[in-house]
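Student: Sequence plus predicted model, see below.
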Amino acid sequence: MDVLLNLLDPKWWLSMLGAFATIGVIAMIFAETGLLVGFFLPGDSLLVCAGIFCTASAAQAFGIPPLNLTALLIGTPLAAICGAQLGHYLGAKVGRKLFERPDSRFFKQEHVRKAEYYFNKFGPAKAVIIARFMPIVRTFMNPVAGVLEMDARKFFVWNVAGGILWVESMVLLGYFLGSKVENIDRFVLPGAIVIIVLSVLPIVREVLKERRAARVAAPRGRHARQRIQ
């Protein structure tokens, strides 16, 4: 339980990174968007927290050097864009073989199916942008877009738009909160949990909708088979 809380707590990540926190945040955003094993990283809350600790008062209260806001505003969108481009490239080059492996602690076939579902539901352009704000889905959407042969130039355009919108909004939100809210460092972990919950709500809603549809379809299927017999 403690390990799970640490993984969800962006303050823990920043304390582990120490003086290299700014570079570490940029690297983690690249890993979450470009490497399939990075899906567990707390991208949204990490970006908000990084923005908070760009303010001297919040960083001092936590006992770390302030993060560099300019470096974050430049480096994190570049990392998000480059990571997504890598994911799309791998999906386009390797194809379905990229996902042909059994479920494990770091990989679930369900993650791929969910990303593909949103890709088909919203269409390529909207899916690439919307996925940025959805944990796990944003990691798998990029290679899925490559596997499904989304045009590379079209993917690049929407990848840039989505990457900038996602990263800059999260960092600037954190910086605003750090500048305006006293003792903001006390609310980082509860705030991170709230952000994560809000981010996964669309996924949970779709899963519940699918399960209800499956329960409704099952009796119809049985009745159809009985009529045939």
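Tutor: Nice, thanks for sending it over. All figures in this text were calculated on a predicted structure; none of them were measured in a lab.
Student: Show me where the protein has its helices.
Tutor: Shown for the chain, the helices assigned by DSSP state H span residues 2-8, 10-17, 21-34, 43-52, 56-62, 69-94, 109-122, 124-130, 137-147, 152-180, 188-228.
Student: Out of those helices, flag the one nearest residue 101.
Tutor: Distance to residue 101, taken as C-beta to C-beta, is lowest for helix 109-122 among the helices of the chain, at 8.6 Å. Placement of C-beta: from N, CA and C, glycine included.
Student: wait, what's in contact with residue 84?
Tutor: By C-beta atoms under 8 Å, 6 or more residues apart in numbering, the residues touching residue 84 are 33-34, 128, 142, 159, 162-163.
Student: could I get the helices of the chain as CSV with distance to residue 102 and mean pLDDT?
Tutor: As requested, those are arranged in CSV below (distance: least, C-beta to C-beta, whole Å; pLDDT from 0 to 100):
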stretch, distance to residue 102, mean pLDDT
helix 2-8, 23, 51
helix 10-17, 29, 69
helix 21-34, 23, 88
helix 43-52, 26, 84
helix 56-62, 41, 79
helix 69-94, 17, 94
helix 109-122, 8, 85
helix 124-130, 26, 92
helix 137-147, 16, 90
helix 152-180, 28, 92
helix 188-228, 21, 60
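Student: would you turn those helices into TSV with distance to residue 103?
Tutor: As requested, the helices of the chain are exported to TSV (distance: least, C-beta to C-beta, whole Å):
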stretch	distance to residue 103
helix 2-8	19
helix 10-17	26
helix 21-34	20
helix 43-52	22
helix 56-62	37
helix 69-94	19
helix 109-122	6
helix 124-130	23
helix 137-147	14
helix 152-180	27
helix 188-228	17
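Student: Was I right to think residue 85 contacts residue 156?
Tutor: Yes: Residue 85 lies in contact with residue 156 (C-beta atoms under 8 Å); the separation is 6.9 Å.
Student: Who has more neighbours out of these two?
Tutor: residue 85 (20 against 15; other C-beta atoms under 10 Å).
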